[in-house]
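Trainee: please work out how this folds:
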Amino acid sequence: MTASQLPPGATPEQQAKAKEMTGKIMDLVKARMSWDKMRPQYAKAYDETFSAGEIDGILSFYESPAGRAILQKMPQLLSKTMTIAQSQMAEIMPEIQRIAKEAAQK
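Mentor: Down below sits the predicted model:
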């Protein structure tokens with residue numbers, strides 16, 4: 001269990017073990033998913049997907065004021081759109097559950 005999944009009233013020993021495990025997992029992810037390790041794979045994916053001219057255009061866009069704004073504001077936009085999607089899912093979840101229950105009864 002990670003620290004966020006510990007039950008209420010977890011012992012200090014359980015908390016310490018969860019914290020240690022979380023640290024190990026984060027270290028592993030950082031090591032395996034570092035930019036130095038991932039860059040060649042990303043470069044290959046872009047090379048296989050876009051032409052040289054398209055990549056030049058993409059780079060020009062991101063160097064433009066509009067491109068820089070996209071890079072700067074994208075985290076905020078993603079947060080807002082995730083909130084919208086979560087709200088919609090919460091609204092339709094009872095209907096999804098009803099449909100699943102009806103299907104299970106057939």
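Trainee: center of this protein, which residue is that?
Mentor: The centroid of the chain falls nearest to Leu78 when counting by C-alpha atoms, centre = their mean (10.1 Å).
Trainee: how far away is it from Lys101?
Mentor: Applying C-beta to C-beta, to the nearest Å, the value for Leu78 to Lys101 is 33 Å. C-betas here are computed from N, CA, C, even on glycine.
Trainee: show me what contacts Pro94?
Mentor: Contacts for Pro94 were tallied using C-beta atoms under 8 Å, 6 or more residues apart in numbering; there are none.
Trainee: avg pLDDT for the strand or helix carrying it?
Mentor: Using DSSP states H and E, Pro94 sits within helix 65-105. Averaging pLDDT along helix 65-105 yields 95.
Trainee: how about stretch 47-61?
Mentor: Mean pLDDT, stretch 47-61: 97.
Trainee: contacts for it next, please.
Mentor: Residues outside stretch 47-61 that contact it (C-beta under 8 Å, 6+ apart) are 46, 67.
Trainee: then stretch 96-105?
Mentor: Stretch 96-105 has contacts (C-beta under 8 Å, 6+ apart) with no other residue.
Trainee: now it: how far from the chain's centre is it?
Mentor: 29 Å (C-alpha atoms, centre = their mean, to the nearest Å).
Trainee: and if you look at stretch 61-76?
Mentor: So, by C-alpha atoms, centre = their mean, the centroid of stretch 61-76 is 19 Å from its chain's centroid.
Trainee: send the alpha carbons of that stretch over as PDB?
Mentor: What follows is stretch 61-76, C-alpha atoms only, in PDB (Å, rounded to 0.1, in the frame of the first residue of the first chain):
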ATOM      1  CA  PHE A  61       4.800  27.200 -34.200                       C
ATOM      2  CA  TYR A  62       6.200  26.400 -30.700                       C
ATOM      3  CA  GLU A  63       8.700  29.200 -31.100                       C
ATOM      4  CA  SER A  64       5.900  31.700 -32.000                       C
ATOM      5  CA  PRO A  65       4.000  33.700 -29.300                       C
ATOM      6  CA  ALA A  66       1.000  31.400 -29.800                       C
ATOM      7  CA  GLY A  67       3.100  28.300 -29.500                       C
ATOM      8  CA  ARG A  68       4.700  29.600 -26.300                       C
ATOM      9  CA  ALA A  69       1.300  30.400 -24.900                       C
ATOM     10  CA  ILE A  70       0.100  26.800 -25.600                       C
ATOM     11  CA  LEU A  71       3.100  25.400 -23.800                       C
ATOM     12  CA  GLN A  72       2.600  27.800 -20.900                       C
ATOM     13  CA  LYS A  73      -1.100  27.400 -20.500                       C
ATOM     14  CA  MET A  74      -1.700  23.800 -21.400                       C
ATOM     15  CA  PRO A  75      -1.400  22.400 -17.800                       C
ATOM     16  CA  GLN A  76      -4.200  24.900 -16.800                       C
END
